[in-house]
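[1] Kindly return the folded structure for what I paste below:
(one chain, ligands or ions: 1)
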Amino acid sequence: MSVNRQILLKSRPEGAPGLDNFELVERPIPEPGEGELLMRTLYLSLDPYMRGRMSAAKSYAKPAEVGQPMVGGTVGEVVRSRHPQYAAGDTVLGFGGWQQYATSNGVGLRKLDPKAAPLSTALGVLGMPGMTAYVGLTEIGQPKPGETVAVAAASGAVGSVVGQIARIKGCRAIGIAGGSDKCRFVREELGFDACVDHRAPDFAQQLAAACPNGIDVYFENVGGAVQQTVWPLLNDFARVPVCGLIAQYNLTSPMGGPDMFTVLRKRLLLRGFIVSDFADKRDEFLREASEWVRSGRLKYREDIVEGLERAPAAFLGLLQGKNFGKLLVKVG
Ligand SMILES: NC(=O)c1ccc[n+]([C@@H]2O[C@H](COP(=O)([O-])OP(=O)(O)OC[C@H]3O[C@@H](n4cnc5c(N)ncnc54)[C@H](OP(=O)(O)O)[C@@H]3O)[C@@H](O)[C@H]2O)c1
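    Sure, this is the predicted structure:
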């Protein structure tokens, strides 16, 4: 237990990333300095935004550095502390990255109560993805009872929460997902009104049939071909929280955007957002979502991969739809 296994960003990908962009190394476990603590990673979250961090292109956040551990949210256990507010044995939500051990000066760290909810949920349904769904839908989507809310990647970390909150708000929830197993789960386990497979040859007809009254809120998670299929179904005054464009993350040249005549003619509201824009909603989100999870109104599925060395392959799978639920690596 004297080494710190890390997965470094070895090189920046052009187009789709591959295993050769990552490197597993063993380094000494760092010593926490004065005012710091050392955490042992229990769970590492794998998220689509990490594709953006692998690139040096200008974005809302700094890129990961080549030769450094990949960045990522973690749940960890404090093993040594020289920080006044943390003690060995505390469980914390932090940003330890793709490695077994990380030091922190406490900035951005939050203590977790292991009895309140399973620790992994702090990275999923009760964490960044759940909050993304909550703020994007309620603040920008503004769903009203009886309206139709559509979301893609519907079995995933964000999409699954979007549709369930839409149902809680009295809306009709339409999921879009890759494959019949995911669609069945979205309908039967998560309780969406319908879910359509975007890989089906008659996807457009199936989606139109599932939305007889059109779409009032399209929670944009994927872009690409799915967006183009959804677009004609948007109603006048529809709202489009633009959360993610995972189908376009590996493109090396920009894709044509949505038809602006439709935006004008239908008076659409499109707004891009990053979850941190709504940081002041965190307590409200945690209060509401924790209660919904406890009462069974908000269900979640996790896809847990065992072992840090499997993180690169699992992450590449996420960009191809191979994960089924919130993707996590069990490190410790
Ligand atoms: N704005 C923010 O602050 C923020 C925060 C968190 C996440 N996001 C974004 O939200 C979206 C969902 O993230 P997540 O963490 O919940 O991931 P996720 O849904 O758990 O996993 C990604 C899913 O995306 C779908 N996908 C991948 N490639 C696709 C393609 N070419 N066409 C259509 N679907 C594709 C796959 O689902 P299927 O097999 O069902 O197609 C895959 O399982 C991402 O775009 C992410 O970047 C944004």
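
[2] tell me the secondary structure for the residue of the stretch 201-332 of the chain found nearest the ligand?
    Residue of the stretch 201-332 of the chain nearest the ligand, by C-beta to the nearest ligand atom: residue 244 (1.9 Å). All C-beta atoms are positioned from the backbone trio N, CA, C, and that covers glycine. The three-state label given to residue 244 by DSSP: H, G, I helix; E, B strand; the rest coil is coil.

[3] so how many other residues sit close to the residue lying closest to it once chain neighbours are set aside?
    Of all residues not flanking residue 244 in the chain, residue 221 sits nearest, at 4.9 Å (C-beta to C-beta, 6 or more residues apart in numbering). Using other C-beta atoms under 10 Å, residue 221 has 28 other residues around it.

[4] again, but for residue 99
    25.

[5] Would you list the phi and psi of it?
    Main-chain dihedrals, residue 99, degrees, to the nearest 10: phi -160, psi 160.

[6] so what's it up against?
    4-7, 41, 69, 308 (C-beta atoms under 8 Å, 6 or more residues apart in numbering).

[7] so who does the residue nearest to residue 41 when sequence neighbours are not counted touch?
    Leaving out its chain neighbours, the residue that sits closest to residue 41 by C-beta to C-beta, 6+ apart is residue 331, at 4.2 Å. Counting by C-beta under 8 Å, 6+ apart, residue 331 makes contact with 41-44, 74, 100, 307-308.

[8] Apply 7 Å and report the result again.
    41-44, 100, 308 (C-beta atoms under 7 Å, 6 or more residues apart in numbering).

[9] The residue nearest to residue 57 when sequence neighbours are not counted: neighbour count?
    Closest residue in space to residue 57, ignoring its immediate chain neighbours: residue 63 at 7.8 Å, by C-beta to C-beta, 6+ apart. Residue neighbour count, defined by other C-beta under 10 Å, stands at 16 for residue 63.

[10] Next, the contact list for residue 63, please.
    Counted by C-beta under 7 Å, 6+ apart, residue 63 has contacts 53, 55-56.

[11] hmm, try it at 8 Å
    Going by C-beta under 8 Å, 6+ apart, the list of residues near residue 63 reads 12, 52-57.

[12] residues in contact with the closest residue to residue 105 other than its chain neighbours?
    Take residue 105 and drop its neighbours on the chain: the residue closest to it by C-beta to C-beta, 6+ apart is residue 36, 5.2 Å away. Going by C-beta under 8 Å, 6+ apart, residue 36 touches 82-83, 103-106.

[13] What's the PyMOL line that selects buried ones from those?
    In PyMOL, a selection of the buried entries from these looks like this (16 or more other C-beta atoms under 10 Å):
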select buried, resi 83+103+104+106
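
[14] circling back: how close does the residue nearest to residue 105 get to residue 77?
    Distance, residue 36 to residue 77, by C-beta to C-beta, to the nearest Å: 15 Å.

[15] beta partners for residue 196?
    Beta bridges link residue 196 to residue 176 when assigned by DSSP bridges.

[16] Hmm, it is touching residue 176, no?
    Yes - between residue 196 and residue 176 there is a contact at 5.4 Å, judged by C-beta atoms under 8 Å.

[17] more crowded one of those two?
    residue 176 (31 against 26).

[18] what are the phi and psi angles of residue 202?
    Residue torsions, per degrees, to the nearest 10, at residue 202 are phi -100, psi 40.

[19] tally of neighbours for it?
    Residue 202, neighbours per other C-beta under 10 Å, totals 11.

[20] And residue 80, by the same measure?
    There are 18 residues near residue 80, going by other C-beta under 10 Å.

[21] now swap in residue 318 and tell me
    Other residues close to residue 318 by other C-beta under 10 Å number 19.

[22] Look up how far residue 87 lies from the nearest residue to it once chain neighbours are set aside.
    Among residues not flanking residue 318 along the chain, residue 327 sits closest, at 5.3 Å (C-beta to C-beta, 6+ apart). From residue 327 across to residue 87, the span is 31 Å (C-beta to C-beta).
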